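Colleague: predicted model follows, preceded by the sequence.
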Number of protein chains: 4
Amino acid sequence: MIRSNNTREKIERAAIRLIAARGMDGISMRDIAGEVGVTEAALYRHFTNKDALVWDIFTLYYDAFAAKLAAVHEPHPTLRAKLAAMVAACCAFFDKDRDLFTFLLLAQHIQRLAPKGYQAALPKMLRELLATAIKRAEIPKQDVEISTAMVMGIVLQTALYHLYQKPRSTKLQPQATTLSDACWRIVKQK
Amino acid sequence: MIRSNNTREKIERAAIRLIAARGMDGISMRDIAGEVGVTEAALYRHFTNKDALVWDIFTLYYDAFAAKLAAVHEPHPTLRAKLAAMVAACCAFFDKDRDLFTFLLLAQHIQRLAPKGYQAALPKMLRELLATAIKRAEIPKQDVEISTAMVMGIVLQTALYHLYQKPRSTKLQPQATTLSDACWRIVKQK
Amino acid sequence: MIRSNNTREKIERAAIRLIAARGMDGISMRDIAGEVGVTEAALYRHFTNKDALVWDIFTLYYDAFAAKLAAVHEPHPTLRAKLAAMVAACCAFFDKDRDLFTFLLLAQHIQRLAPKGYQAALPKMLRELLATAIKRAEIPKQDVEISTAMVMGIVLQTALYHLYQKPRSTKLQPQATTLSDACWRIVKQK
Amino acid sequence: MIRSNNTREKIERAAIRLIAARGMDGISMRDIAGEVGVTEAALYRHFTNKDALVWDIFTLYYDAFAAKLAAVHEPHPTLRAKLAAMVAACCAFFDKDRDLFTFLLLAQHIQRLAPKGYQAALPKMLRELLATAIKRAEIPKQDVEISTAMVMGIVLQTALYHLYQKPRSTKLQPQATTLSDACWRIVKQK
DNA sequence: GATGAATGAGTCTTCATTCAT
DNA sequence: AATGAATGAAGACTCATTCAT
């Protein structure tokens, strides 16, 4: 009874770990199965196919992460505080589960997997936050979509830099204020 | 300077176009050969193997681009002007040859291809520019590597956003000043 | 005579329907189970394996059909009348349960399933009918096996033609006399 | 130079032999490749996929056979003579290349392979022959499609009977006149 | 009677690469 | 320079079947 979802979770973790390390196209169903310790066929009892496996896992964890970020910024009244809280949460997440963070970062790029008209939750939330802040005159009028892209670029590219250029032990959290200050400076605009 | 080697250039363009559209792992040697109009075997007369093909093309164009950016910022005395010139050049490049820009953007991610200890020219240049500006007290002391990552993130993520979310005809150049202003605000710090 | 075994009957009908539509090799145990609404494993409670499933269903219905044909021709004294009655019954059967008819038609071809020395009941009956008619001088001497094949060919190929080329609603019964006349003309041999 | 089409022909014969013996679904690409003495991958240089392989071979030989039958009946003026010539040619074909005959017989059943609206050449020819004969008053008015089915049934079912019930050495040609007489008796209609 | 999870062998197909010509 | 044929390894996926529950 308890054993039920056990395999599925093992598959999820194995897929996350492997894809984080070698990318979606760099791994095979065989790899995942081997990592879990089951046959390839067993994977198909839990996921329809490879694409679905990646996409299902992606949305599951991505949405959870988006929800966490929403909860994290919610109590704060100002955009600046919200940004700081969210960036800090991102850094903490990166440090706590680097594989998952990397997986989410990579899976985003696989446009092919997303159903038509799919809207990623995170940029959507950011856009809305910025729009509200503009309405409240916290920040000047600006192109919300470009600002969203820039803010995300600041965080993601720094994460990427840590991923590729720094030893695995290096933490991102020490950079949290640097990053959120930068984000704020961009949307505040002069 | 007529490069007699016509087929090789055709292969380069075909690879760039296809990889920009579907990613390195999404295309096969057969796809490239088909696009060029030759046999797969013919590709091996111009490149040792698939990895080399991608990597050779990547470095060829990436280095050329890096050189262009160097030439573009060189005449300008201040960091701010340098940044503005470079960002503008990036946007112009994106608009003029979106396939190549995309290819360069994607190929960067394929760590596996790079020889050990490979240092991408662009971030290196940026780091040096920032270091110099600090020395000259144009900008305050700061973690040069983080600043580099953030500046690149601003430009690249915005490009990515245009790639994935906007129709192919949308240009990036109108955003050039917005982007370079943002970059400047980040390194200027306060 | 209530057969308590409800699931087994559902399996039979599902198998007949699916195999009629896509052939024995075109369907899987999963397909059948899905059609019935049970697990694949459940099928194995009613049939030892896939081959047995098909064969058991085949013989069950084939023998029943052969028995019906026997009952149908029995009251008639002459071969001509017997043929007419049987052909008519065939056409009626085709019209009433096209899936079952098709299934029986197809399953015949799967020689592999039949136990060694298996003799299909229908041709056997026909052969005996012809032999008797010859003995009684109703029809001239002839190669009974060839005649049997020809008579069956007339009916079966016409059925096949209706199956493949005509809309599902087309009935075979209107052709019954045409067919039985043809059969008679063949065995009568002018 | 001469070696060119050699492999393709070997593949054709291997496929014909194996499919005649075990049916299309009973054989794998591996089987065919093994029989030819090449890798599975080599098959894909000559045929797009398994379905195409079977269909291409089928049409190639089926059309050739249909053309031969056309040539065979052409010189004869009367329907009766035409039928006799064609049936004789069928029997001779059966005896000479039983594998190919069987393959053609089986492949016909795989409706899935045929492109939409595909019209088999043989029944079409027969229908036209019958229609002409009716117009010329050689035979009485009748449902041409049903007559075509019955004529084909006579020949094919007899062939099938030989295939399944008789030793491989048994010839069909001795039955040629029996069969063509039967066909004639059916269309002549007393 | 039936399920859910799993297996192992097998399916077709694609891939990068090689080589004789 | 380029082709056509071939390979061997690997890819994703399916299948009939089993078994503990």
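Modeller: Done, it's in.

Colleague: where does chain A dip in pLDDT?
Modeller: Filtered on pLDDT under 70, chain A yields the residue ranges A:1-5, A:190.

Colleague: care to break it down by domain?
Modeller: The record's domain split for chain A, according to automatic domain parsing, is A:1-47, A:55-188.

Colleague: packed most tightly, which of the ones you listed would that be?
Modeller: Counting by mean count of other Cβ atoms under 10 Å in any protein chain shown, domain A:55-188 has the highest mean neighbour count of these, with a mean of 18. Using the backbone N, CA and C atoms, a C-beta is placed for each residue, glycine as well.

Colleague: quick one on the thing from earlier: need the domains of chain A in JSON lines with distance to residue B:84, can you?
Modeller: Compiled in JSON lines, these are given as follows (distance: least, Cβ to Cβ, whole Å):
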{"stretch": "domain A:1-47", "distance to residue B:84": "35"}
{"stretch": "domain A:55-188", "distance to residue B:84": "16"}
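
Colleague: quick check: closest non-adjacent residue to residue A:56.
Modeller: Nearest-residue entry for residue A:56: residue A:47, 6.1 Å, with adjacent residues in sequence omitted and distances by Cβ to Cβ, 6 or more residues apart in numbering or on different chains.

Colleague: name all residues that make contact with the residue nearest to residue A:171 when sequence neighbours are not counted.
Modeller: Spatial nearest neighbour of residue A:171, excluding adjacent residues (Cβ to Cβ, 6+ apart): residue A:95 at 4.8 Å. The contact partners of residue A:95, taken as Cβ atoms under 8 Å, 6 or more residues apart in numbering or on different chains, are A:171-173.

Colleague: nearest to residue C:186, of these?
Modeller: Of all these, residue A:172 has the smallest distance to residue C:186: 88.8 Å, by Cβ to Cβ.

Colleague: distance of the closest one relative to chain D?
Modeller: Using Cβ to the nearest Cβ, to the nearest Å, residue A:172 is found at 47 Å from chain D.

Colleague: so who does that residue touch?
Modeller: Contact analysis of residue A:172 by Cβ under 8 Å, 6+ apart lists A:90-91, A:94-95, A:158-159, A:162.

Colleague: and it, how far is that from residue A:96?
Modeller: Distance from residue A:172 to residue A:96, counting by Cβ to Cβ, to the nearest Å: 10 Å.

Colleague: distance to DNA strand F for the domains of chain A - can I get that in JSON lines?
Modeller: JSON lines is the format used below for the domains of chain A (distance: least, Cβ to the nearest atom of the strand, whole Å):
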{"stretch": "domain A:1-47", "distance to DNA strand F": "3"}
{"stretch": "domain A:55-188", "distance to DNA strand F": "12"}
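
Colleague: could you check the ones you listed and tell me which one is nearest residue C:58?
Modeller: For those, proximity to residue C:58 was assessed by Cβ to Cβ; domain A:1-47 is nearest, at 29.9 Å.

Colleague: re the thing from before, list just the nearest of the contacts of residue A:172 to residue B:28.
Modeller: Nearest to residue B:28 among the contacts of residue A:172 is residue A:159, at 31.3 Å by Cβ to Cβ.

Colleague: my guess is that closest one contacts residue A:94. True?
Modeller: Yes. Between residue A:159 and residue A:94 there is a contact under Cβ atoms under 8 Å: 5.6 Å.

Colleague: intersection of neighbour lists for the two?
Modeller: Taking Cβ under 8 Å, 6+ apart as the criterion, residue A:159 and residue A:94 both touch A:101, A:172.

Colleague: which one is residue A:108 nearest to, not counting chain neighbours?
Modeller: Nearest residue to residue A:108, sequence neighbours excluded (Cβ to Cβ, 6+ apart): residue A:120, at 7.0 Å.

Colleague: then residue A:54?
Modeller: Per Cβ to Cβ, 6+ apart, closest to residue A:54 is residue A:24, 5.6 Å.

Colleague: look up phi and psi at the one you found.
Modeller: The phi/psi pair for residue A:24 (degrees, to the nearest 10) reads phi -60, psi -40.

Colleague: I figured it hits residue A:108, correct?
Modeller: No. Judged on Cβ under 8 Å, residue A:24 makes no contact with residue A:108 at a distance of 11.1 Å.

Colleague: that older thread, spit out the contact partners of the residue nearest to residue A:54.
Modeller: Contacts for residue A:24 (Cβ under 8 Å, 6+ apart) come out as A:54, A:106-107, A:110.

Colleague: for residue C:167, state which of these is nearest.
Modeller: Nearest to residue C:167 among these: residue A:54, at 44.4 Å, using Cβ to Cβ.

Colleague: the closest one contacts residue A:18, correct?
Modeller: No. Between residue A:54 and residue A:18 there is no contact under Cβ under 8 Å: 10.7 Å.

Colleague: hmm, back to that, return the subset of the contacts of residue A:24 lying in helices.
Modeller: Using DSSP state H, the members of those that fall in helices are A:54, A:106-107.

Colleague: now do the helices in chain A.
Modeller: Counting by DSSP H, the helices of chain A are A:6-22, A:29-36, A:40-46, A:50-73, A:79-96, A:98-107, A:121-135, A:144-165, A:176-188.

Colleague: check whether the shortest one comes near DNA strand E.
Modeller: Yes. Helix A:40-46 lies within reach of DNA strand E by Cβ under 7 Å from any atom of the strand, at A:40-42, A:45-46.

Colleague: helices or strands up against that helix?
Modeller: Judged by 3 or more Cβ pairs under 8 Å, 6 or more residues apart in numbering or on different chains; DSSP states H and E, helix A:40-46 is in contact with helix A:6-22, helix A:29-36.

Colleague: tell me the centre residue of chain A?
Modeller: Residue closest to the average C-alpha location in chain A (Cα atoms, centre = their mean): residue A:104, at 4.5 Å.
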